[in-house]
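Novice: Quick one: sequence and predicted model below, then my questions.
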Amino acid sequence: MAIHIVRLGSPRGPDEGLRLGTVRRPPRGVPKAEFATRDFYDVWQPQLSPSAELVAEALSAHDAKAWATFVRKFKAEMKQPEASHLLDLLAALSHQTSFALGCYCEVEAHCHRSVLRELLAARGAQIAESSHIS
């Protein structure tokens, strides 16, 4: 039982469980009925995505200083009650069942899911070892 950190649209791993999409927008050009069958997500959780302004900031963060600024701002957003409570819930659930959360970004190290990984680990979440930063 653990949280798998994944790239949405990638093939599902064994024992991955339910897949949560932590993205601001659904996948373009994919009918809603096909989100799960095309390995995007089963449940959409935009509360765990950066705000639209921060998404733009992350996409333009081309150096370590700009990325660190994004991380600081995203962590502040995740301290808001709705997101914080959801992170607490997911950390607790990780001890009872396996599930995955993810984003579309190709490289986890330059994606908000790396920050979610850190925030969940700080809450004592079980995170699957097979999940790795690309």
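Specialist: Yep, it's here. Being a predicted model, the structure only gives us computed values, none of them experimental.
Novice: Run through the neighbouring helices and strands of the helix or strand bottoming out on mean pLDDT in the chain.
Specialist: Ranked by mean pLDDT, DSSP states H and E, the weakest helix or strand in the chain is helix 52-59, scoring a mean of 94. Secondary-structure packing of helix 52-59 (3 or more Cβ pairs under 8 Å, 6 or more residues apart in numbering; DSSP states H and E): helix 64-78. In this view, the C-beta of every residue, glycine as well, is placed from N, C-alpha and C.
Novice: Okay, angle between the helix it packs on and helix 52-59 too, please.
Specialist: Compare the direction of helix 64-78 with that of helix 52-59 by axes from the mean of the first three to the mean of the last three Cα atoms, to 10 degrees and you get 150 degrees.
Novice: Do me a favour and average the pLDDT over the helix or strand just after helix 64-78.
Specialist: Downstream of helix 64-78, the first helix or strand assigned by DSSP states H and E is helix 81-93. Averaging pLDDT along helix 81-93 gives 98.
Novice: From the chain's centroid, how far away is helix 81-93?
Specialist: Relative to the chain's own centre, helix 81-93 is displaced by 13 Å; criterion: Cα atoms, centre = their mean, to the nearest Å.
Novice: for stretch 108-118, same thing?
Specialist: For stretch 108-118, the distance to the chain centre is 7 Å (Cα atoms, centre = their mean).
Novice: What are the buried residues along it?
Specialist: By 16 or more other Cβ atoms under 10 Å, the buried positions in stretch 108-118 come out as 108, 110, 111, 112, 113, 114, 115, 116, 117.
Novice: residue contacts, the fourth one?
Specialist: Just to be clear, that refers to residue 112. Residues near residue 112 by Cβ atoms under 8 Å, 6 or more residues apart in numbering: 22, 49, 50, 58, 74, 103, 105.
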